[in-house]
Every structure is written in C-alpha cells, then in structure tokens.
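J.: here is my input, please return the structure:
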Amino acid sequence: MQGINGARAVRYSTAAMAFTSIRVSIAALLLVLAQMAWAQVPAKADASRGSPQSGMAFGLEIDAPADIKAVLERHLELQRYRVLADLSDAEIQSLLLSAEQDARELIATLGYFSPTVSLRLEGAGAAANRRVFMVVVAGPPTRVRSVELQLQGPIASDDAARAQRRAVQDGWSLPENERFSQAAWDDAKQQALKQLLSHRYAAARLSDTSADMDAEAATAALKVTLDSGPAYKVGRLDIEGPNHYGETLVRKFARLQEGGDYAQSNLVDAQKRLTDSGYFDAAYLSLDLDSPPEQAVVRAQVKEAPMQKVVLGLGASTDTGARWSAEHTHNQVPGIGWRAVNKLAVDRDTGVFNSDWTSQPGFDQWRWAASAQWSQARVAQIDVDTQRYRFGRFATQADLDQSYYLQFERADVRYREIQESTGSEAATANYAFALRRFDSIPFPSSGWGVGGEVGAGSILGSQQEPYARALLHARAYQPLEDAAASLFNRQRSGRMVYRAQVGAVLVDNAVNVPFNQLFLTGGDSSVRGYLRDEIGVTHNGILSAQSGRYMANASIEWQRPIVRGGVMTDWEGALFVDTGAVANRTEEFSFKVGVGVGARWKSPIGPLQLDLAYGVATEQLRLHLNVGFVF
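T.: Residues are numbered from 1 along each chain as shown. Down below sits the predicted model:
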C-alpha cells in the first residue's frame with residue numbers, strides 16, 4: 001500500500017484503460033522507446049544536396065558557419081524552387097536576387113547584421129548540371145549594448161512585491177555583452193513575462209519592447225516595459241464534472257487556500273494531486289481573470305475515473321526475469337466508501353498477492369489504510385513464505401509523505417539444501433517518511449531527498465524478544481557548473497548524483513526475526529553489477545544471499561547531457577561506482593563494488609535508465625534497465 005509502505009514511489013507511466021488494459025514494462029517497452037528516441041534524432045543533411053537530383057531544377061550548396069548553415073538549409077525560400085524542374089537559367093538568376101535578401105534576414109535572426117552573402121549559378125543550360133553556390137561570411141556577431149527593463153502597474157509600488165520585482169530584474173536572460181539573436185531576445189521577453197504571470201499578476205503583459213540595432217558597431221540596445229496588471233487573490237472554487245465522487249473530494253485534493261495570493265504553481269500542483277489520486281482521469285484548473293482580483297474565482301474541470309478497472313500486465317526486467325500481473329481497483333467500495341486495490345504479481349522468483357484498502361482523505365490530508373500481503377519468494381537456496389498485515393494512517397503532500405502503522409508479519413523459511421524450515425513472527429509499531437526537495441520531477445537536475453522508516457516491537461512465539469529496526473536512504477543532485485553561468489551551460493555541464501542507504505536491526509538474537517525484516521542488497525536500484533539481493537552476509541570472503549542485521553550501500557554517478565550540433569538532446573551519458581555490504585556486525589562489513597557506464601533518456605513516460613555494470617566481486621558484467629523516477 002502506497003500510504004503505509006514507507007517512501008512513496010513517484011512513477012510516471014501510461015494511463016490505464018477504463019476497464020481492461022495492458023501495462024507494458026521495461027523490457028516490452030524497449031523497442032517502442034528506441035523507435036521513439038530514434039524519431040527525435042534530427043535527420044542528417046542530404047549528402048547530395050550540392051548536386052541536383054532527378055527531377056530537380058538545380059543543386060544547392062551552402063558554405064557558411066554551422067549555425068547559419070543549419071538555419072539557411074531549413075528556412076531559405078530558394079529551397080522551395082528546386083522542385084520546379086522546368087525553371088530556365090534566367091528565372092533562376094532572378095530567384096538568386098531575392099534569395100540574397102532572404103538569407104540576410106534569416107542570418108539577422110542569429111544576431112549577424114552585416115554578413116557578406118554571395119551567390120552564383122554554375123552549369124547553366126542543363127538542369128542536371130546546374131548548381132547554386134551560396135557563400136556566407138558572417139561578420140561580427142551583435143552584442144547587447146544596454147538593457148532597460150521597466151515595470152509598471154501595481155507591482156511597481158507594492159512593498160509585498162519587492163522580491164518578485166528583484167527576481168524579474170535579476171532573472172533577465174539577455175544581459176549586457178551577451179550575444180544577441182532573435183530567439184534569445186524572444187525567450188528573454190517571455191521569461192520575464194512568465195515570472196510575473198506565475199505569481200500574483202495573472203493578467204501581466206508586455207506593453208512595449210524595442211531592440212535598437214547599430215549594424216556598424218554590431219550592438220543592440222534593448223528596452224522592455226512590463227505592465228503587471230492587478231494582483232490576484234484566490235477566491236471560491238467552482239467545480240464542473242464530478243458525479244460519483246462529489247465536489248467535496250475535489251476540494252480535499254485541490255487544497256487551495258481561499259484568500260491567498262494567486263500562484264500558477266499552486267494550480268498546477270492541484271491538478272497533479274487530482275490526477276494522481278486515481279479518482280480523476282483529467283483535471284484542469286484556471287483563474288477567471290474577469291472575476292474581482294481580490295476574490296478571483298478558480299474554475300476546476302474534472303473528468304472522473306471509472307469506478308472500477310482491471311489492469312493486466314506482461315513484461316520482464318533484468319532483476320526479476322519475465323513477469324505477469326493482474327490488478328483490480330474499486331474506487332468506492334459500497335458501504336464504506338474506501339478504495340480497494342487487489343493485485344497478483346508473479347515473476348521468476350516471486351509470487352505476491354496484495355490487498356490494499358484506503359479511505360478518502362480528510363481536509364487535514366490524512367487517510368486511514370489497511371493492507372494484507374501474502375508472498376512466496378526464492379532467494380538463492382532459500383524459499384520464503386511471508387504474511388504481512390498493516391493498519392494505520394498516512395498523508396501525501398507535494399514534498400513530504402508520512403505514515404504511521406501497526407504491522408504483524410510471519411515468515412516461514414525453508415532451506416532446500418538441508419531440508420530444514422523455521423518460522424518466525426513479529427509485531428511492530430512504525431513510522432515512515434519521505435522528504436523531497438528536488439527542482440523537478442521526474443527529471444531532477446538539482447536538489448535532495450531523504451526518507452526512511454523506523455519501527456519497534458517484539459518477536460512473538462515461544463522466544464519473545466523486543467527489537468527495533470531502521471532503514472534510511474538519501475539522494476542528492478549537484479549541478480557541476482557555477483550558479484552564475486547561463487542556464488544552458490549549467491545544464492550542459494551535467495551533474496553529480498549521490499545516493500546512500502543504511503539499515504539496522506537492533507536485537508540480541510536475530511535468528512527469530514522475520515526474514516524480510518533483515519537485509520540484503522544488490523540490483524538495479526542499489527549495487528549494480530550484481531543480481532537483486534545477491535549481496536548478503538559474507539563468509540570467509542565468499543558472497544552469499546544470507547540476510548543480515550546491518551546493511552549499507554552508496555553510489556556516486558556523473559550524468560552529462562549529450563549535445564548534437566550545439567543543441568542538447570534528451571539523452572545523457574553516465575559513469576558510476578556503486579558499493580554495498582551486509583553483515584551481522586558493523587565491523588564485519590565487506591563492501592562489494594560495481595562500476596559501469598550508462599545512458600539516460602527523457603522518455604515521455606519518465607526517465608529510461610540503461611546501465612552496463614561490472615561486479616568486481618563476481619567478475620561479471622550485468623545489464624540493468626529501469627523506467628521511472630522513484631524516491
């Protein structure tokens with residue numbers, strides 16, 4: 001159950017169909033993802049463009065700096081006339097006169113206002129031999145000479161807007177001495193406007209802009225005036241669309257504070273909470289600019305999710321092999337109004353049935369939850385049958401998840417080699433949390449997150465004994481470029497990713513602690529280069545899958561965007577080192593190391609992670625695949 005199973009897993013995936021759908025997992029998606037990624041790679045320029053193809057009036061060859069050449073090849077009007085095979089030499093010469101002016105205008109958008117452009121036609125008389133050659137000498141790029149950024153309207157005198165005024169001024173992205181281009185100029189104006197529109201001033205507009213060019217000096221004087229319009233505060237919430245679940249549930253998930261300052265991010269977060277809730281397939285919130293600014297109406301349009309749905313899944317992963325699953329959801333169980341999710345999942349080594357029941361949230365965002373889980377797992381030469389029951393409360397917020405719950409767990413362990421079995425039971429009281437401070441999800445580039453779960457209770461049965469358990473984890477993203485650098489340069493330089501996890505069970509005799517309360521490590525999300533849960537207690541330097549009382553693993557990874565033609569793609573490269581260990585005493589830790597390289601892709605369904613890792617202890621290479629961001 002998401003609410004009382006510790007840190008929330010934040011995953012972005014394709015939406016399920018109304019009643020029956022197929023959830024495709026990592027391995028099944030690979031071909032589709034590869035095709036989608038390939039479709040995003042810009043096609044190479046036609047190598048034969050300099051020579052006329054069959055049925056073409058002439059060939060075109062452009063000799064220019066790379067950035068200028070790319071723009072001319074894509075937008076030059078002359079390109080359209082190449083397909084008119086019956087053009088005469090005189091007509092082509094006439095086209096070259098307008099092509100020069102067209103080229104100058106296109107080059108000017110890149111900030112070159114005094115280029116030298118020359119065109120000539122060779123091979124006149126026969127279409128098969130005619131070639132047009134364009135040579136461009138760019139000249140000096142235009143630099144920004146001065147910037148005059150003015151704010152008018154209520155924001156200019158409102159003391160409460162002092163920080164926002166400073167943010168608009170400091171955030172101007174085309175400062176003095178920066179290279180001018182039309183794209184950069186447009187982006188700077190829109191970015192400044194968005195900073196106003198995003199908070200309080202929802203009706204802000206650009207009232208005046210000008211760029212005064214001095215072609216001889218290759219400089220530009222920029223002037224921008226922004227009119228903030230009135231400051232808006234959030235008023236009542238008008239709701240359209242709910243039927244089965246009612247307007248009250250929309251208000252509980254929207255969590256908009258009436259009377260507070262308008263912020264676009266609050267509306268976006270409310271939409272996300274509504275769609276993530278499972279009760280609504282779609283949600284759209286907007287501010288009514290025609291309503292009084294001091295009590296602006298927020299309009300919410302929602303589309304309810306089906307009361308029930310069934311999801312079937314087929315797939316495979318590097319850790320678990322082939323797998324299938326079946327899941328049934330009832331969003332409002334008659335009589336109690338709780339949501340019930342029952343799921344059966346089977347893979348190569350594990351079979352699990354979960355039954356999760358959660359109440360609707362209160363206005364304080366806390367919900368009741370109950371769950372039951374029955375599982376069978378094969379870990380090396382051990383078979384483990386587990387029963388686990390939980391009951392508690394949880395709250396899910398944008399940056400903090402919390403849960404309190406009571407748990408009973410029973411584990412029956414069979415050792416196949418020696419034909420022996422043991423059983424153990426335990427009851428605990430637990431607290432779990434996840435605190436996130438990432439700049440964006442699911443593609444963070446900076447920030448951090450910490451989470452974990454702690455519990456205390458007693459081993460049951462004939463040998464009762466108190467014990468405590470703790471599992472903590474953290475992740476941080478550190479940009480490599482100085483914060484004063486441009487956004488493009490910061491992103492291009494990449495980042496370091498740090499990850500750590502520690503766990504401990506405090507008990508005098510660990511023999512009677514349920515198997516899943518102890519620790520193993522290794523696999524896609526811990527120590528790459530090893531199988532899932534392959535790293536356990538080490539005996540005489542030999543790796544084993546025996547669980548232990550203490551666990552620690554850590555990772556350091558360098559991620560750097562892949563740039564093509566000066567443009568960042570959605571792909572990144574990665575280098576990483578992972579390490580981890582499990583022991584019954586901390587002084588017995590024997591850390592195992594995995595090293596490797598990987599690729600990352602910002603796919604439409606979340607981050608795709610492909611890693612090739614070498615396990616130093618096992619001297620084996622392993623491929624690891626993952627889709628999604630989890631913390």
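
J.: from here on, just use CA atoms for contacts and neighbour counts.
T.: Noted.

J.: ok, the nearest residue to residue 213 once chain neighbours are set aside - contacts?
T.: With sequence-adjacent residues excluded and distances taken as CA to CA, 6 or more residues apart in numbering, residue 213 is closest to residue 220, at 4.5 Å. By CA atoms under 8 Å, 6 or more residues apart in numbering, the contact set of residue 220 is 142-146, 180, 211-214.

J.: and the closest residue to residue 66 other than its chain neighbours, how far from residue 602?
T.: For residue 66, ignoring the flanking residues on the chain, the nearest one in space by CA to CA, 6+ apart is residue 565 at 8.0 Å. In this view, residue 565 and residue 602 are 19 Å apart by CA to CA, to the nearest Å.

J.: quick one: mean pLDDT over stretch 362-378.
T.: Summarised as a single mean, pLDDT over stretch 362-378 is 93.

J.: neighbours around residue 356, how many?
T.: If you count neighbours by other CA atoms under 10 Å, residue 356 ends up with 23.

J.: I'd like the distance from the helix or strand harbouring it to the chain centre, please.
T.: Assigned by DSSP states H and E, residue 356 falls within strand 350-358. Distance of strand 350-358 from the chain centroid (CA atoms, centre = their mean, to the nearest Å) equals 27 Å.

J.: could you check the angle strand 350-358 makes with the helix or strand just after it?
T.: The helix or strand immediately downstream of strand 350-358 is strand 366-379, counting by DSSP H and E. Interaxial angle, strand 366-379 versus strand 350-358 (axes from the mean of the first three to the mean of the last three CA atoms, to 10 degrees): 170 degrees.

J.: and strand 366-379, which strands flank it?
T.: strand 350-358 (antiparallel), strand 382-396 (antiparallel) (DSSP bridges).

J.: restrict the shortest one to CA atoms and write it as CSV.
T.: Think strand 350-358. Below are the C-alpha coordinates for strand 350-358, written out as CSV (Å, rounded to 0.1, in the frame of the first residue of the first chain):
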residue,chain,number,x,y,z
THR,A,350,8.5,-14.3,-6.6
GLY,A,351,4.7,-14.6,-6.3
VAL,A,352,2.9,-11.8,-4.4
PHE,A,353,-0.8,-11.0,-3.7
ASN,A,354,-1.6,-7.6,-2.2
SER,A,355,-4.9,-6.3,-0.9
ASP,A,356,-4.7,-2.6,-0.1
TRP,A,357,-7.7,-0.6,1.3
THR,A,358,-7.6,3.2,1.8
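
J.: what's the longest helix in the protein?
T.: helix 89-108 (DSSP state H).

J.: elements contacting it?
T.: helix 66-75, strand 116-122 (3 or more CA pairs under 8 Å, 6 or more residues apart in numbering; DSSP states H and E).

J.: apart from its neighbours in sequence, what residue is nearest residue 272?
T.: residue 283 (7.9 Å).

J.: doesn't the one you found fall inside a strand?
T.: Yes - assigned with DSSP: H, G, I helix; E, B strand; the rest coil, residue 283 falls within a strand.

J.: bridged to it, which residues?
T.: Judged by DSSP bridges, the bridge partners of residue 283 are residue 302.

J.: ok, it touching residue 268?
T.: No - the pair residue 283 and residue 268 does not pass the contact test of CA atoms under 8 Å, sitting 9.7 Å apart.
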